[in-house]
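>>> Just to be clear, the model below is a prediction. Sequence and coordinates:
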Amino acid sequence: MTVLVVGGGFIGSPVVRQLVDRGESVVCLDRDAGAIPDVDGVEAVEADITDREAVAAAVDAADPDRIVHLAYMLAAEMERHPTRAMQVDCVGVDNVFNVAAEAGIERVVFASSSAVYGRPGNYEGTISEDATIPAAFTEFPTYLYAATKQLNEYQARNYTAHTDLDVVCVRPSLVFGPGRGSGATKWASSFITDPARGETGHLPLRPDERLGMVYYRDVARLFVELALADAVAHDAYNTGGHVVSVREAAELVADLFGADVTWDDDADPLSLVADLSGERARAEFDYDLTPLEDALRDHGDRVT
C-alpha cells in the first residue's frame, strides 16, 4: 500500500517511520523539505497545501491508496496570523479532501483535537466520541484552533456524505514528546525535555489542573492503524490519555530525572478537557497507550 503523509513534523515523523517499519510505501509532502524525515525509501515532496494545484500534482504523482493529513498551523501561531491560519487549517484541509475525492483515494485520516469538545466544565466523567459536543452548538469556541477543528470535522462528514471518500479523524489528548518546539502547549514537552537535560522544568498551570497526556508515538500509531485498516467503523477516534494532575506530572518527571519542575499557583484555568476515553480505538484495533513512566523515560532518552 502507498500512503501519502501530508506534514512531516512532530507527529508526521513517527507516522512515516512506523509506516516504513510495517513495510508500506511512503511519500511525505511538506512545504518545508527540511521537515521531512530522512528515512530510506521515503519520497519527499515539497508543496504548500494552500496551493490546490500543487496538492493535485503530488497526489497524481504518488498515486496513494490512503492519505494521512497532519499539516496545520498550531494555536499560538494561529492567533498571531489568523488569515494565514484560515488558509492553511481550513482551505488547505479542503484542498486535500477535495483532491483525494477527485482522485478516487480510498481514505483520508486527519488530525482533529480534543479541543472540539470545548471547555472541561461541559462534562462530567470520561468523554467518549459519542458525547454531544456543546461547544459546536452553544458556546463560542475557546480559540481559533478549536473553531477550525470543528469546521474540519464538518468538512470531513460532508465529503463522506457526498463522495466515495472515507474521511476519519483522530482527536488527540495533550500530546508530549521530543521535537515539539511550537504551539500554545509546547510546555507539555519542554517540562520533560528540560529536566532530562538537567535543567528546571516548568508547567504554566495550577497544581490541581488535570492533564490528559498521550505520547507522540502512541498518537502516530493510531493514525497508522486507521490508515492501513481494511475498514473502519467510525468517523472519529479519541486517543485517550493518562489523566494526572499538574502536581503529579511534575513530581513524576522530577523523580525520574532528578531535576526540579515548577508550576504557577495563580495561572488561568486550562481550557482543555483531560479525560477522554480511548475505548473505541482499543476495541477496534487493540490500541493501548505506553505506560506513562515508560513514555517519559523514552522522551528523556531521545533528547539527551
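Received the coordinates, thanks.

>>> only C-alpha atoms for contact and neighbour calcs from this point on.
OK.

>>> Tell me which stretches of this protein form strands.
For the chain, the strands defined by DSSP state E cover 2-6, 25-30, 43-46, 66-69, 107-111, 166-171, 174-176, 201-203, 210-215, 236-238, 242-245, 261-263.

>>> List of residues touching the first one?
To tie it back to what came earlier, the one meant is strand 2-6. Outside strand 2-6, the residues that touch it by CA atoms under 8 Å, 6 or more residues apart in numbering are 12, 15-16, 24-30, 59, 62-71, 227.

>>> about what we covered before: pipe the strands of the chain into JSON lines and attach distance to residue 98 per row.
Below are these laid out as JSON lines (distance: least, CA to CA, whole Å):
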{"stretch": "strand 2-6", "distance to residue 98": "14"}
{"stretch": "strand 25-30", "distance to residue 98": "16"}
{"stretch": "strand 43-46", "distance to residue 98": "19"}
{"stretch": "strand 66-69", "distance to residue 98": "12"}
{"stretch": "strand 107-111", "distance to residue 98": "11"}
{"stretch": "strand 166-171", "distance to residue 98": "11"}
{"stretch": "strand 174-176", "distance to residue 98": "28"}
{"stretch": "strand 201-203", "distance to residue 98": "40"}
{"stretch": "strand 210-215", "distance to residue 98": "31"}
{"stretch": "strand 236-238", "distance to residue 98": "19"}
{"stretch": "strand 242-245", "distance to residue 98": "36"}
{"stretch": "strand 261-263", "distance to residue 98": "44"}
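
>>> what's the closest of these to residue 76?
strand 174-176 (15.0 Å; CA to CA).

>>> returning to that earlier point: reformat the strands of the chain as CSV; add mean pLDDT and mean neighbour count.
What follows is the strands of the chain, written out as CSV (pLDDT from 0 to 100; neighbours: other CA atoms under 10 Å):
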stretch, mean pLDDT, mean neighbour count
strand 2-6, 98, 25
strand 25-30, 97, 24
strand 43-46, 94, 19
strand 66-69, 98, 25
strand 107-111, 98, 25
strand 166-171, 97, 24
strand 174-176, 96, 25
strand 201-203, 97, 21
strand 210-215, 96, 23
strand 236-238, 97, 24
strand 242-245, 97, 19
strand 261-263, 97, 19
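
>>> Stretch 248-256 - what's its average pLDDT?
Mean pLDDT, stretch 248-256: 98.

>>> ok now that stretch, how far from the chain's centre?
Mean-position distance between stretch 248-256 and its chain equals 24 Å (CA atoms, centre = their mean, to the nearest Å).

>>> Return stretch 283-300 as PDB; C-alpha atoms alone will do.
Extracted in PDB, the C-alpha atoms of stretch 283-300 (Å, rounded to 0.1, in the frame of the first residue of the first chain):
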ATOM      1  CA  ALA A 283     -11.900  -2.300  21.000                       C
ATOM      2  CA  GLU A 284     -11.400  -1.900  17.300                       C
ATOM      3  CA  PHE A 285      -7.600  -2.000  16.900                       C
ATOM      4  CA  ASP A 286      -6.300  -3.400  20.300                       C
ATOM      5  CA  TYR A 287      -4.800   0.100  20.700                       C
ATOM      6  CA  ASP A 288      -3.400   1.000  24.100                       C
ATOM      7  CA  LEU A 289      -1.100   3.600  25.500                       C
ATOM      8  CA  THR A 290       2.500   3.200  26.500                       C
ATOM      9  CA  PRO A 291       2.600   3.400  30.300                       C
ATOM     10  CA  LEU A 292       3.300   7.000  31.300                       C
ATOM     11  CA  GLU A 293       6.500   6.400  33.200                       C
ATOM     12  CA  ASP A 294       7.900   4.400  30.200                       C
ATOM     13  CA  ALA A 295       6.900   7.100  27.800                       C
ATOM     14  CA  LEU A 296       8.500   9.800  29.900                       C
ATOM     15  CA  ARG A 297      11.800   7.800  30.100                       C
ATOM     16  CA  ASP A 298      11.700   7.300  26.300                       C
ATOM     17  CA  HIS A 299      11.200  11.000  25.800                       C
ATOM     18  CA  GLY A 300      14.200  11.700  28.100                       C
END
